[in-house]
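> What follows is a predicted structure for the sequence shown.
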Amino acid sequence: MPNVSFTSLVVVAAIAVGAPLLVGRFPRIGVPAVVLEIVGGIIVGPHGLKLVKTVDAPVQILAFVGLAFLLFLAGLELDLERLKGRLLRLALLGFVVTLGLGLAAGTLFKATGTVRSPLFIAIALSATSLGLVVPVLKDAGQITTRLGQLTIAASSVADFGAVVLLTLFFSGQHSTGTGAKVVLLGGFAVLAAVVAFALARLNRVMRFSDILLKLQDTTAEIRVRMAVLLLVGFVALAEHFGLETILGAFIAGGLLGIVDRDSATHPHFRLKLEAIGYGFVVPVFFVASGLRFDLGALVHSPAAFARVPIFLLALLIVRGVPAALYRRSVGTRGAVAVGLLQATSLPFLVAATAIGQSLHLILPVNGAALVAAGLLSVVIFPPVALGLLRRVAEPASEHAPSVLAPHASAGRAS
């Protein structure tokens, strides 16, 4: 057996248990458990109480798996049935405006010496935490409304676009030119399409379907094992192609969502996947992110600490302002709520910041300020948006002309 210690992992697991219990016991805190997980990691980490002095191998590996699973579940949230027509055009236009505003913000940050690449900061600010947005919409009863469907579609486009752009321009394999990466990305997309076609055909084979039905709720848990194989396989393929592994995880989740449209024969399948992700590896990623967070450097640098509200404002402008495009569809109050939800970002910011620091595109102290801004966005924006949504006089999606095609699914919270 390898000589490893699980002491740090015990502390991480304790925080992962304590954070949701604290939120459940004191719901008026109004903070998602993920924020408390990161804060808990900061408190016990090398820059806090030093109960965990280093992010050792067990925590590193599980944190990486947690990030992959988080992107996998985010990809699973994609609903291509919603991404069409006027809805898709609005979502794409909003993302284009986001990138334009992000480049402008990045240019300003470069002029002040905060970052080296305006494109990097534009991409980092362009994503939305879909897994945090969906629960807010569900709490407000807005999932099936025009506003809810538009928010989910815009967030899905932003998540996918940000992951692809980060992979294309700032992959860890930075020795590969952008043109070569486009070719590799195209080859990867073709391979993903082939796999999706093969899985869809295989899913229609009666004998194979009977085997799945027979084994899916036994100790074999065959559907879960196949999903894990798909995840690990695409992460490995992305690495082999010289692309970011988070793209492989996201694509794997999207493919599974495409081929697994009819869940009538396996209603608990996705719940099982969420149990593995949110019950085990995903919290390790967030707590480990807190362990790596250099709070001391941020606190001891007034200039860096002052950048936290600046980054937060940039996030609100870059992702919130494009929601003005939706005003005709959801009204002024609804557009403001969508803008706040779109500006809610944390998991992608954490991942992008780690990549940016490894490529020396952003200083660690500025990366800490960017992640801190993401934490504040999760704490501030969703509650304000929820208050607005509860006051929106929006009829249900079956009333009044809708710009969207009706959809039976109410969405899934992450």
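Looks like it came in fine. Numbering: from 1, shown residues only.

> rest of the way, CA atoms for contacts and neighbours
Fine.

> Quick one: low-confidence residue ranges for the stretch 251-400 of the chain.
262, 264, 392-400 (pLDDT under 70).

> For Phe26, give me phi and psi.
phi -130, psi 70 (degrees, to the nearest 10).

> do the same with Ile362
According to degrees, to the nearest 10, Ile362 has phi -150, psi 140.

> Neighbours of it, how many?
24 (other C-alpha atoms under 10 Å).

> quick one, what contacts Phe234?
By C-alpha atoms under 8 Å, 6 or more residues apart in numbering, the contact set of Phe234 is 245, 248-249, 251-252.

> a markdown table for these, including neighbour count?
A markdown table is the format used below for these (neighbours: other C-alpha atoms under 10 Å):
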| residue | neighbour count |
| --- | --- |
| Thr245 | 26 |
| Gly248 | 29 |
| Ala249 | 30 |
| Ile251 | 28 |
| Ala252 | 31 |
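
> What is the nearest of the residues you listed to Ser156?
Ile251 (12.4 Å; C-alpha to C-alpha).

> dump the residue contacts of that closest one.
72, 75, 192, 234.

> Out of the residues you listed, grab the one that's most surrounded.
Neighbour max across the contacts of Ile251 (other C-alpha under 10 Å) = Phe72, 29 neighbours.

> element containing that residue, please.
helix 57-76 (DSSP states H and E).

> Which strands and helices lie in contact with whichever helix or strand comes after that helix?
Past helix 57-76, further along toward the C-terminus, the next helix or strand under DSSP H and E is helix 85-111. In terms of contacts (3 or more C-alpha pairs under 8 Å, 6 or more residues apart in numbering; DSSP states H and E), helix 85-111 is packed against helix 118-124, helix 146-170, helix 302-320.

> can you rerun that using 6 Å?
helix 118-124, helix 302-320 (3 or more C-alpha pairs under 6 Å, 6 or more residues apart in numbering; DSSP states H and E).

> Let's have these in a markdown table, adding distance to Arg25 and mean neighbour count.
Formatted as a markdown table, the helices and strands packed on helix 85-111 follow (distance: least, C-alpha to C-alpha, whole Å; neighbours: other C-alpha atoms under 10 Å):
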| stretch | distance to Arg25 | mean neighbour count |
| --- | --- | --- |
| helix 118-124 | 34 | 25 |
| helix 302-320 | 29 | 20 |
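
> Gly106: which of these is closest?
Using C-alpha to C-alpha, these put helix 118-124 closest to Gly106, at 3.8 Å.

> Quick one: list the elements packing against the closest one.
For helix 118-124, the packing partners by 3+ C-alpha pairs under 6 Å, 6+ apart come out as helix 85-111.

> Tell me which residues of the helix it packs on come out buried.
Within helix 85-111, the residues scored as buried using 16 or more other C-alpha atoms under 10 Å are 87-88, 90-92, 94-107, 109-110.

> Stretch 22-32 too?
23, 31-32.

> quick one: terminal-to-terminal distance for it?
End-to-end distance of stretch 22-32: 10 Å, with C-alpha to C-alpha, to the nearest Å as the criterion.

> Now do that stretch, average pLDDT.
Here stretch 22-32 scores 82 as its mean pLDDT.

> For the remainder of this discussion, apply numbering that starts at 530.
Will do, 530 is the new start, and the previous item becomes stretch 551-561.

> How about residues contacting that stretch?
Val908 (C-alpha atoms under 6 Å, 6 or more residues apart in numbering).

> and if you look at stretch 679-694?
620, 652, 656-657, 659, 776.
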